[in-house]
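Participant: below are the sequence and a predicted model for it; my questions follow.
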Amino acid sequence: MREIIWDGMDGRARLLDGLRRVIDDDRVLDAVGAVPRDAFVPDALREFAWDDRALPIGCDQTISQPYVVARMCELLELRGGERVLDVGTGSGYHAAVLAAMGAEVWSIERHAPLTEAAAAALERAGITGIHLVVGDGCAGLPDHAPYDAINVAAAADRLEDLDALRAQLAPGGRLVAPVGGADQRLVVVRREGPGWVSTDADPVRFVPLVPDFPSPTGIFRRQGR
């Protein structure tokens, strides 16, 4: 996996300087620059918040490497105003970047403590436009579908494991997810007519997508704009 290394700049500036070498979408770069990543990492790791690497956040989960977040957002091709489903809230950072790009985000997480921490982090960061849900990310949130884009921050073994999610795409919608076991790659799925077209992108490493979590009983927290 790519890692950006630099010297001589403050954390946010050096991260953006590195990302500009590998990310072409200025809207993605602006969103990464606008979201305070330090609000989404544990206090003990705050000094590493702007490093281009994943960091542990509890429940055997991590806040993703900024390059990977930026690359997945770039592959979603957002232009503002989209409805986006974010599977695997984790720290809330990825949802925050999506919201900073002008999306209304529905974010689902199976670990309630992470959702609670994400809600607090989003409030600290002043990020709005996100609805947090505790539930089964594999099933998505069909009651709020269709979505213009779906971001999946956990790895499916097979593309077919994402059937329930890609069925929730709007016509022309895009889904980006890691797929594979030991050899994971980002896959971009586009809804075209009655079917889907998929293409492979970058190699990555994510925790597995875990199915069969109890269905959500309601919205954990709504955030207005």
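Facilitator: Happy to help now that I have it. Residues are numbered from 1 along each chain as shown.
Participant: residues in contact with the lengthiest helix in the chain: which ones?
Facilitator: Longest helix of the chain, by residue count under DSSP state H: helix 112-125. For helix 112-125, contacts defined as CB atoms under 8 Å, 6 or more residues apart in numbering pick out 35-36, 39-40, 57-59, 61, 89-93, 95-96, 107, 109, 128, 130, 132-134, 220-221, 223. Glycine gets a C-beta too; all of them are placed from N, C-alpha and C.
Participant: C-terminal to it, what's the next element?
Facilitator: Downstream of helix 112-125, the next assigned helix or strand under DSSP states H and E is strand 130-134.
Participant: helices or strands up against that following strand?
Facilitator: Contacts defined by 3 or more CB pairs under 8 Å, 6 or more residues apart in numbering; DSSP states H and E place strand 130-134 against helix 93-100, strand 104-109, helix 112-125, strand 219-222.
Participant: cutoff 7 Å now
Facilitator: Using 3 or more CB pairs under 7 Å, 6 or more residues apart in numbering; DSSP states H and E, the elements in contact with strand 130-134 are strand 104-109, helix 112-125, strand 219-222.
Participant: quick one: whichever helix or strand comes after it to helix 93-100, angle?
Facilitator: Per DSSP H and E, the first helix or strand lying C-terminal to strand 130-134 is strand 147-152. Computed with axes from the mean of the first three to the mean of the last three CA atoms, to 10 degrees, the direction of strand 147-152 lies at 160 degrees from that of helix 93-100.
Participant: tell me how far V210 lies from R71.
Facilitator: Distance of V210 to R71, given as CB to CB, to the nearest Å: 23 Å.
Participant: before we move on, what about D202?
Facilitator: D202 is 6 Å from R71, where distance means CB to CB.
Participant: that older thread, of V210 and R71, give the one with the bigger neighbour count.
Facilitator: The neighbour count for V210 versus R71, taken as other CB atoms under 10 Å, is higher for R71 (23 against 13).
Participant: not counting its own residues, what contacts the longest strand anywhere in the chain?
Facilitator: The longest strand of the chain (DSSP state E) is strand 169-179. Residues outside strand 169-179 that contact it (CB atoms under 7 Å, 6 or more residues apart in numbering): 72, 75-77, 146-152, 155-156, 158-159, 162, 165-166, 184-191, 204, 206.
Participant: repeat that with 8 Å
Facilitator: Against strand 169-179 from outside (CB under 8 Å, 6+ apart): 72, 75-77, 83, 87, 145-152, 154-159, 161-162, 165-166, 184-193, 196, 201, 204-206, 209.
Participant: give the buried residues for the helix or strand that comes right after it.
Facilitator: For strand 169-179, the following helix or strand on the C-terminal side (DSSP H and E) is strand 185-192. Buried residues in strand 185-192, counting neighbours by 16 or more other CB atoms under 10 Å, are found at L186, V187, V188, V189, R190, R191.
Participant: ditto for stretch 10-26
Facilitator: Using 16+ other CB under 10 Å as the burial criterion, the residues of stretch 10-26 that qualify are R12, R14, L15, L16, G18, L19, I23, D25.
Participant: report the contact partners of the last one.
Facilitator: Spelled out, it's D25. Taking CB under 8 Å, 6+ apart as the criterion, D25 is in contact with C73, E74.
Participant: re the thing from before, now, the most widely separated pair of the buried residues of stretch 10-26?
Facilitator: Spatially, the most separated pair among the buried residues of stretch 10-26 is R14 and D25, at 19.4 Å (CB to CB).
Participant: residue nearest the centroid of this protein?
Facilitator: With distances taken as CA atoms, centre = their mean, the residue of the chain nearest its centroid is H94 (3.8 Å).
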